[in-house]
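1. have a look at this prediction, sequence included:
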Amino acid sequence: MKITVPYNDWEPRPHQLALWKYLQDGGKRAMAVWHRRAGKDEVALHWAAVSSIRRPGNYWHSLPEFAMARRAIWTAVNPHTGIRRIDEAFPHDMRESTNDHEMFIRFKGTGSTWQCVGSDQYNRTIGSSCVGVTMSEFALSNPAAWGYYQPMLNENNGWAMFITTPRGRNHAFTMLNHARSTADWFAEKLTAEDTGVLTQTQLDEALREYVALYGLDHGTAMYRQELLCDFTASTLGSFYALECAQVRDEGRIMAFDAEPDLPMNWAWDIGVSDDTVAWAFQVVGAQVLIHDIIKMNGVGVEHIRDELFDREGKHGWKHGTDYVPHDAKVKEWGSGRTRVETMSMLGLKPLLVPMASVLDGVNAARRALPLCVFHERTEEVGFAALEMHRREWDDEKKAFKANPLHDWTSDIADAFRYLALGYRPAPVRRVVEPIRRGWVIPPPSAPRRGGIQL
């Protein structure tokens, strides 16, 4: 199937034909879960080239992070041809100008533009508009970016393509199921066994390499995730993989009503340059009912407060306690007030959670998750972030670092840590002091009755 457009003589491979035909026939929403090296970005780039001639407008290629877009798309070279991928899709003859710093191309004749963007900085595109967007590596992307792009594409009848390999049963899994159940969507999952891009010998060698690099369990999971598109394979380095899998297996993501006689508490992570996040929850006996999540960027506490009160009014919830991190007691430059004081002035009820290290907070979250039931409205953004929250990988040591990777999941996971530390404080570690004759363990405290030491 030759592409009859100027400057371009690319042909889709057999396994790419179904997606290409859907787009050529005017399809507007496509979800392609393809294995690694199946040519997902290749199809998207060439379709953007065709679209830029068919319809003048702005086209975006979104990666999870802006910096990733430079490595994966802008400077990437096709190993089969030795030519940069963007030069194959957008030859210099069809360009009017190229801005390397902004990863931006303007085309001759139509005035159309194409640009790499990052879902981590989607708010940078506020005020602009596009008629076509590719959400590449959607499983790793901030789903809030699609929440911003969707209205403009609906308004101008633009197209959106979601291309990814799985990363657990997160928002990409939900989107695939939505695409499969929606008549005018394209939905396809292709494994390396489906496409024949790699021979069985190459697949066997890939599995051996993954096992050698990550160990048997993680290596096998990585192979199943990257080449067999297995949504059940655990996300490498995930802090809460087992606990979140248990939540899904036990059906603890559902629709349910709030307990009318109990207050609705909120656990906050107050961002300055990052997102501000607040989880809504109630404690009912041993269970923690997670009702909602608010996530906003670039706004003050008062905007979150307004959104919070609006949701409480809509559902008839009674406001309870606002659990905030310990650094909320630090005075802010300019106002001279702490964040706790500011929240109190705005009608909120802040309470500092106990001070604890990140890893202590992670352990508290692990103990809390088996007791949690999540409302289905929290699944796509909130619960998906907990599934994806993971350690940073150290390429030199070939091991995961202790500290979390900072990405779109961080603020959501931080707020959940404060929830876990606040509703039931983690036990304080006792430090055993040495004496001359060795180590002793202090005796247990005397029993208490009615809060009075006996």
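-> Looks like it came in fine.

2. okay, now the domains of this protein?
-> Here the domain parsing of the chain from automatic domain parsing is 14-195, 200-236, 253-423.

3. any buried residues in the second one, and which?
-> When neighbours are counted by 16 or more other CB atoms under 10 Å, the buried residues of domain 200-236 are found to be 203, 206-207, 210-211, 214, 218-231, 233-236. Glycine gets a C-beta too; all of them are placed from N, C-alpha and C.

4. restricted to strands, list the residues you listed.
-> Cross-referencing these with the strands (criterion: DSSP state E) gives no overlap at all.

5. quick one: low-confidence ranges for the stretch 1-150 of the chain?
-> Along the stretch 1-150 of the chain, segments meeting pLDDT under 70 span 1-8, 123-127.

6. tell me where it has strands.
-> 29-34, 58-63, 95-99, 104-107, 113-118, 132-136 (DSSP state E, counting those that start in this stretch).

7. distance check, residue 315 against residue 280.
-> Distance, residue 315 to residue 280, using CB to CB, to the nearest Å: 9 Å.

8. overlap in contacts, those two.
-> Taking CB atoms under 8 Å, 6 or more residues apart in numbering as the contact rule, the neighbours common to residue 315 and residue 280 are residue 291.

9. who has more neighbours, those two?
-> residue 280 (26 against 13; other CB atoms under 10 Å).

10. ok, and the closest non-adjacent residue to that one?
-> When the adjacent residues along the chain are set aside, residue 280 lies closest to residue 292, with 4.0 Å between them (CB to CB, 6 or more residues apart in numbering).

11. the one you found should be in a helix, yeah?
-> No: judged by DSSP: H, G, I helix; E, B strand; the rest coil, residue 292 forms no part of a helix; its state is strand.

12. that one is in contact with residue 277, isn't it?
-> No: taking contacts as CB atoms under 8 Å, residue 292 lies outside contact range of residue 277: 11.3 Å.

13. who touches both of these two?
-> With contacts defined as CB under 8 Å, 6+ apart, no residue is shared by residue 292 and residue 277.

14. neighbour count for these two, which is higher?
-> Regarding residue 292 and residue 277, a neighbour count based on other CB under 10 Å identifies residue 277 as having more, with 28 against 21.

15. and residue 120, how far is that from residue 274?
-> According to CB to CB, residue 120 stands 10 Å off from residue 274.

16. give me the buried positions along the helix or strand harbouring residue 305.
-> Using DSSP states H and E, residue 305 sits within helix 301-315. Under the neighbour-count criterion of 16+ other CB under 10 Å, helix 301-315 has 301, 304, 305, 308, 311, 312 buried.

17. so what's the fourth one up against?
-> Yep, that's residue 308 we're talking about. When contacts are counted by CB under 8 Å, 6+ apart, residue 308 touches 266, 278, 280, 294, 348.

18. most neighbours out of the residues you listed, which is it?
-> For the contacts of residue 308, counting by other CB under 10 Å, the largest number of neighbours falls to residue 266: 30 neighbours.

19. that one looks like it's in a strand, true?
-> Yes: read with three-state DSSP, residue 266 is one of the residues of a strand.

20. so which residues of the stretch 51-200 of the chain form helices?
-> Per DSSP state H, counting those that start in this stretch, the stretch 51-200 of the chain has helices spanning 66-69, 85-89, 143-156, 171-180, 192-195, 200-214. These are given in chain order.

21. could you dump those helices to CSV with distance to residue 29?
-> Putting the helices of the stretch 51-200 of the chain into CSV (distance: least, CB to CB, whole Å) gives the following:
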stretch, distance to residue 29
helix 66-69, 22
helix 85-89, 21
helix 143-156, 9
helix 171-180, 7
helix 192-195, 22
helix 200-214, 31
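
22. closest to residue 49 out of those?
-> Shortest separation from residue 49 across the helices of the stretch 51-200 of the chain is recorded for helix 85-89, at 5.0 Å, computed as CB to CB.

23. list the buried residues in the closest one.
-> Neighbour counts over helix 85-89 (16+ other CB under 10 Å) mark 85, 86, 88, 89 as buried.

24. could you work out the most separated pair of those?
-> Farthest-apart pair in the buried residues of helix 85-89 is 86 and 88; separation 7.3 Å (CB to CB).

25. now for residue 164, how many residues are close by?
-> Residue 164 has 23 neighbours, counted by other CB under 10 Å.

26. burial check on the closest residue in space to residue 380 that isn't next to it in sequence, number of neighbours?
-> In space, not counting the residues next to it along the chain, residue 380 is nearest to residue 171; the distance is 4.8 Å by CB to CB, 6+ apart. In terms of burial, residue 171 registers 25 neighbours under the definition other CB under 10 Å.

27. and stretch 396-412, average pLDDT?
-> Looking at stretch 396-412 alone, the average pLDDT works out to 82.

28. hmm, back to that, and for residue 86 and residue 88, which residues touch both?
-> residue 45.

29. and residue 296, how far from residue 269?
-> With distances taken as CB to CB, residue 296 is found 11 Å from residue 269.

30. do the same with residue 374
-> Residue 374 is 18 Å from residue 269, where distance means CB to CB.

31. hmm, residue 35 and residue 192 touching each other?
-> Yes: counting by CB under 8 Å, residue 192 sits close enough to residue 35 to count as a contact (4.6 Å).

32. where do the contact lists of these two overlap?
-> When contacts are counted by CB under 8 Å, 6+ apart, residue 192 and residue 35 are jointly contacted by 227, 228.

33. what about residue 120 and residue 274, which has more around it?
-> A count of neighbours by other CB under 10 Å puts residue 120 above the other of residue 120 and residue 274, at 21 against 15.

34. ok, back up a step: which one of the helices of the stretch 51-200 of the chain lies nearest to residue 39?
-> Ranking the helices of the stretch 51-200 of the chain by proximity to residue 39 (CB to CB) places helix 192-195 first, at 8.9 Å.

35. any buried residues in that closest one, and which?
-> Within helix 192-195, judged by 16+ other CB under 10 Å, the buried ones are 192, 195.

36. contact partners of that helix?
-> Outside helix 192-195, the residues within contact range by CB under 8 Å, 6+ apart are 15, 34, 35, 36, 37, 38, 198, 203, 227, 228.

37. count of residues packed around the second one?
-> Read it as residue 34. As a burial measure, residue 34 scores 24 neighbours (other CB under 10 Å).

38. over to the third one?
-> Under the neighbour criterion other CB under 10 Å, residue 35 is assigned a count of 24.

39. swap in the fifth one?
-> The number of residues packed around residue 37, counting by other CB under 10 Å, is 16.

40. and it, how far from residue 116?
-> The spacing between residue 37 and residue 116, counted by CB to CB, is 20 Å.

41. repeat for the fourth one
-> For residue 36, the distance to residue 116 equals 20 Å [CB to CB].

42. same drill for these two, tell me which one is more crowded.
-> Neighbours of residue 36 and residue 116, each counted by other CB under 10 Å, are more numerous for residue 116; the result is 22 against 14.
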